[in-house]
Structures are given as structure tokens and as C-alpha cells.
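K.L.:
Model the structure of this input:
(one chain, ligands or ions: 2)
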Amino acid sequence: MKYIIGIGGVTNAGKTTLAKRLLKTLPNCCIIYQDDFFKPQDQIEVGEDGFKQWDVISSLDMEAMTNTIKGWIANPVKFAKSHGVPALPPSEDPEKDVHILIIEGFLLYNYAPLINIFHKYYYVTIPYDECKNRRSTRSYEIPDPPGLFDGHVWPMYLKHRKEMQNSSITLEYLDGLKTKDEIYNQVYEDINNSLQLCL
Ligand SMILES: Nc1ncnc2c1ncn2[C@@H]1O[C@H](COP(=O)(O)OP(=O)(O)OP(=O)(O)O)[C@@H](O)[C@H]1O
Ligand SMILES: NC(=O)c1ccc[n+]([C@@H]2O[C@H](CO)[C@@H](O)[C@H]2O)c1
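P.N.:
Ligands and ions are numbered 1, 2, ... in the order given. Have a look, this model is predicted:
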């Protein structure tokens, strides 16, 4: 059985932290990070506001990301091996083995071709002040120019969140202000419950 878990949410909400912890404890589990599909800097448009428009879907090579996901769906065991993930030995009936894919990203549920692939639609939230504060301590490969957060990042987040909430998906919200342990425990338990229902 193949099980795909989405971990979406605003920048710095704690998505990567959560995904990496789940990777350690869920069996046969791989992660795909949306941030790995940013286009090169020279292909990112500059908006009328003067900022490079990083926080829009066209800044990402979503076709490449979709193909990577399709690679996992076609053969999760091969995918795991080629990504250095230790796979459990197949059981007597490999059809019954569970293979888990976590897809983590800030614009996961805003791309129509992928909107229906998830079994779980987690969405981590944190309020404006916390988000701005956490972001100010981060050093991205391409550092944020002054004013980017208020001028581009947060307004784009609000816009995309509204679009997503108008779509047909049912999100499971996670409070990113809880501790890392609390969030992990909540999600781990929820996934286990859901998997037991599915098996
Ligand atoms: N539950 C939490 N409580 C407090 N700080 C947290 C929590 N989870 C993560 N952090 C911290 O917030 C920062 C961002 O975390 P992380 O990289 O996991 O977020 P993200 O959602 O993947 O961000 P981005 O999408 O921008 O890469 C890190 O410094 C991390 O240690
Ligand atoms: N990873 C990158 O190349 C990159 C470059 C510039 C900005 N970002 C930011 O990453 C966040 C998503 O994780 C977005 O808010 C981008 O602004 C990433």
C-alpha cells in the first residue's frame, strides 16, 4: 500500500522539522521537499514591487516535482534505494507492505495536478509575529532583501491560503506554536490510526 502525506503550511512553521522526525520513525518512508524545486535565481521574475517573486508557484519547477513524485509512485522500493533510505525487507506478501511518502512544502495544495494525490493534508500554521521572527533568524541560500517578508512573503501566503481554502480539500491544521514534540506526537498518532483503518 502506498500512502502519501502532505505537510504544507507557511514559511518557518516547522514543516521540515516535523517531516524529518517522522522519517526516522515511519517505516519505508521517503520525503520530497518542494524547496528542492525552486528555479534558478535568474529565472525568478521581479515584480512591480521590485522584489524577486519567490513565493509564487511559477518560481518552482512543479513539473519536475510531479515527475519525482511519479517516480516514487511507480516504484517506492527503487526510489527509497536511490535516495539512501533503508527499506524493510519485503514481507511474505509485498502487496501488503506499507510505503510512505511525505511531501513537504509551502505551496503544496495550490497546484491543481497534485491536489488529489494526498491521503493526508496537514497544514502547519503560526501567527504573523512568530513567522516574521523565525524568518528573520533564517539564512537562506539567497538571503531575504530588506522588506521582503512584509512586501512579498506574508501577502503571498495570505493569498495562497485563501485560494487553498476555497478548493475542495479537507485540511488538518496543526498549531505550529506547540512544541516540536507535541506536534510530532500528535501527527505520529494520527498517521498510525489512519494506517490501521486503511490496512
Ligand atoms: N514547534 C516549534 N517550536 C518552535 N520553533 C520551531 C518549531 N518547529 C520548528 N521550529 C524552528 O523554526 C525554524 C523553521 O523550522 P523549519 O525549517 O522546520 O520550518 P519550515 O516550515 O520547513 O520552513 P521553510 O518552509 O521556510 O523552509 C527553525 O529554526 C526550527 O528550529
Ligand atoms: N530555497 C531557495 O532557493 C529559496 C530562495 C529564496 C527564497 N526562499 C524562500 O523559501 C521559502 C519556502 O521554504 C519561501 O518563503 C521563499 O521565499 C527559498
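K.L.:
For the residue of the chain most remote from its centre, pull up the helix or strand it's in.
P.N.:
In the chain, residue 92 marks the outermost C-alpha relative to the chain mean, sitting 32.5 Å out by CA atoms, centre = their mean. Assigned by DSSP states H and E, residue 92 belongs to no helix or strand.
K.L.:
how about the helices of this structure, start to end?
P.N.:
Along the chain, the segments classed as helices by DSSP state H run 15-25, 62-74, 76-82, 128-136, 148, 154-165, 180-198.
K.L.:
Could you dump the ones you listed into a markdown table with mean neighbour count, mean pLDDT and distance to residue 171 added?
P.N.:
In this view, the C-beta of every residue, glycine as well, is placed from N, C-alpha and C. Shown next, in a markdown table, are these (neighbours: other CB atoms under 10 Å; pLDDT from 0 to 100; distance: least, CB to CB, whole Å):
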| stretch | mean neighbour count | mean pLDDT | distance to residue 171 |
| --- | --- | --- | --- |
| helix 15-25 | 17 | 97 | 14 |
| helix 62-74 | 15 | 98 | 19 |
| helix 76-82 | 16 | 93 | 25 |
| helix 128-136 | 14 | 98 | 18 |
| helix 148 | 17 | 97 | 26 |
| helix 154-165 | 15 | 96 | 8 |
| helix 180-198 | 14 | 94 | 13 |
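K.L.:
since we're on the residue of the chain found nearest ligand 1, how many residues are nearby?
P.N.:
The chain approaches ligand 1 most closely through residue 14 (2.8 Å), counting by CB to the nearest ligand atom. Using other CB atoms under 10 Å, residue 14 has 24 other residues around it.
K.L.:
was I right about it contacting residue 177?
P.N.:
No. Using CB atoms under 8 Å, residue 14 is not in contact with residue 177, being 9.3 Å away.
K.L.:
Show me whatever sits in contact with both of those two.
P.N.:
Contact criterion CB atoms under 8 Å, 6 or more residues apart in numbering; residues shared by residue 14 and residue 177: residue 126.
K.L.:
check contacts around residue 71.
P.N.:
Counted by CB under 8 Å, 6+ apart, residue 71 has contacts residue 79.
K.L.:
can you check the one 5 residues further on too?
P.N.:
For residue 76, the contacting residues are 2, 28, 30, 99, 101, by CB under 8 Å, 6+ apart.
K.L.:
Just put the residues you listed in a markdown table and tack on pLDDT.
P.N.:
A markdown table is the format used below for these (pLDDT from 0 to 100):
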| residue | pLDDT |
| --- | --- |
| 2 | 95 |
| 28 | 91 |
| 30 | 96 |
| 99 | 95 |
| 101 | 97 |
